[in-house]
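>>> give the three-dimensional model of this entry:
(one chain, ligands or ions: 1)
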Amino acid sequence: MIEPLSRSYVDARAAFLEAAAAVGARLTAHPHPLRGVQGEELFVDVAEVGPADADDVIVVVSGTHGVEGYLGSALQRHHLATLDPDRTTGPTLVFVHALNPYGMSWVRRVNEDNVDLNRNFVDWSQPVPANTEYAQLADLLVPSSWTAQDQERTLLALMGAVQEFGMDRMQQIIQGGQFDHPTGVFYGGTGPTWSHRWLRDFASRRLAGVRRAAIIDLHTGLGPWGHGSLLSSNRPGEAAHDRQVAWWHDVTSLDDGESVSAIVTGDWLAAAEGFAPGTEITGICIEYGTVDAITVLQSLRADAVLHAHGDPTAPEAVAVRDQVRAAFVDDDPAWLEACWPRYQFVATAALERLGP
Ligand SMILES: [Zn+2]
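This next block holds a predicted model:
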């Protein structure tokens, strides 16, 4: 039996720290500058288990997309509860809890800047990628008010745009990432965000001298209910992609348009090799399905309107947070039970490949 999903960031963090302490994990807390929805302090927490001086590490990250961290946190916790704490050989396990703690607490996919972290790891020394067609949809996606009539009107107009662009192109325009509409959806920001800077700094220090690193980044909101799609940030033919397929088999590339996701620019796994040039990195995103894509998008639109034009601290904001939570996690215990085996397979295969 897996412990159910936590109801709040505060509860998730407490449960994670408890599970980590129970196996004698080495813990560090990295404070975020802002406060959470309950006024609580926010942290990225790191728990390490296994040999302290191992050549190889397995890094498991939750909460890149805030709200998606409620599943990631539960999977990390169950992993901690079921691992062998006395293992003295093989890789060190490094659990990074709530990479985007602000988004997790406020039940948002984005961070404190309305930025999608997985669109923020572009090369900021270059012009940002263009997504000119997004401008045609910007006011429809995030209108200035969200009455029932607004929702009906804009949804009809968006359905019309699907007729014009086709479904695949529409997904690409909306989800591929955009840098011109700061209150819009899938916004990449204007420079490296707090979590971006923290991760780059942490990873470059932690991975210095590490020979091989497996990275597992946990996501929700795309694909069939309870199914974990394995998404690669590398292209077929690259050595990292070959390793991902050898270790985990059923891998699709974010770059070839065949995956459950749009082709994405600026996801952090694609940038991870740059954090630690001397480390051989084999990364994978597990993307767990929840509800249908329209329901997910509607929740993101409601959230974006609330934060652009409403009051996230008002009582009526609770309904929007509930809507977002329901789109990105399923509190039915059967969903969590369905999600666990894929995680276990991925983590076990990494442990075997990096074994002594
Ligand atoms: Zn995600």
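
>>> what residue in the stretch 251-356 of the chain comes nearest to the ion?
residue 287 (6.8 Å; C-beta to the ion). Placement of C-beta: from N, CA and C, glycine included.

>>> tell me the mean pLDDT for the helix or strand hosting that residue?
Using DSSP states H and E, residue 287 falls within strand 280-289. Strand 280-289 carries an average pLDDT of 98.

>>> strand partners (parallel or antiparallel) of that strand?
strand 212-225 (parallel), strand 228-232 (antiparallel) (DSSP bridges).

>>> the ion is nearest to which of the ones you listed?
Of all the strands paired with strand 280-289, the one in closest proximity to the ion, counting by C-beta to the ion, is strand 212-225 (3.3 Å).

>>> quick one on the thing from earlier: can you count the residues close to the residue of the stretch 251-356 of the chain closest to the ion?
Residues lying near residue 287 (other C-beta atoms under 10 Å) number 23.

>>> cool, residue 208 as well?
A count of nearby residues for residue 208, using other C-beta under 10 Å, gives 12.

>>> and if you look at residue 314?
Residues near residue 314, counting by other C-beta under 10 Å: 10.

>>> mind checking the SS state of residue 109?
Here residue 109 is recorded as coil under DSSP: H, G, I helix; E, B strand; the rest coil.

>>> OK, contacts around it?
The neighbours of residue 109, taking C-beta atoms under 8 Å, 6 or more residues apart in numbering as the test, are 65, 66, 67, 68, 103, 116, 221, 300, 303, 324, 328.

>>> compile the residues you listed into JSON lines and extend it with columns for distance to the ion.
As requested, the contacts of residue 109 are exported to JSON lines (distance: C-beta to the ion, whole Å):
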{"residue": "65", "distance to the ion": "4"}
{"residue": "66", "distance to the ion": "9"}
{"residue": "67", "distance to the ion": "9"}
{"residue": "68", "distance to the ion": "5"}
{"residue": "103", "distance to the ion": "10"}
{"residue": "116", "distance to the ion": "8"}
{"residue": "221", "distance to the ion": "6"}
{"residue": "300", "distance to the ion": "11"}
{"residue": "303", "distance to the ion": "14"}
{"residue": "324", "distance to the ion": "12"}
{"residue": "328", "distance to the ion": "8"}
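
>>> which of these fall in helices?
103, 300, 303, 324, 328 (DSSP state H).

>>> report the two of the residues you listed separated the most.
Distance extremes for these: the farthest pair is 103 and 300 at 11.9 Å, using C-beta to C-beta.

>>> more neighbours: those two, which one.
Set side by side, residue 103 and residue 300 show more neighbours around residue 103, with 29 against 25, by other C-beta under 10 Å.

>>> name the nearest residue to that one, sequence neighbours excluded.
Among residues not flanking residue 103 along the chain, residue 66 sits closest, at 2.1 Å (C-beta to C-beta, 6 or more residues apart in numbering).
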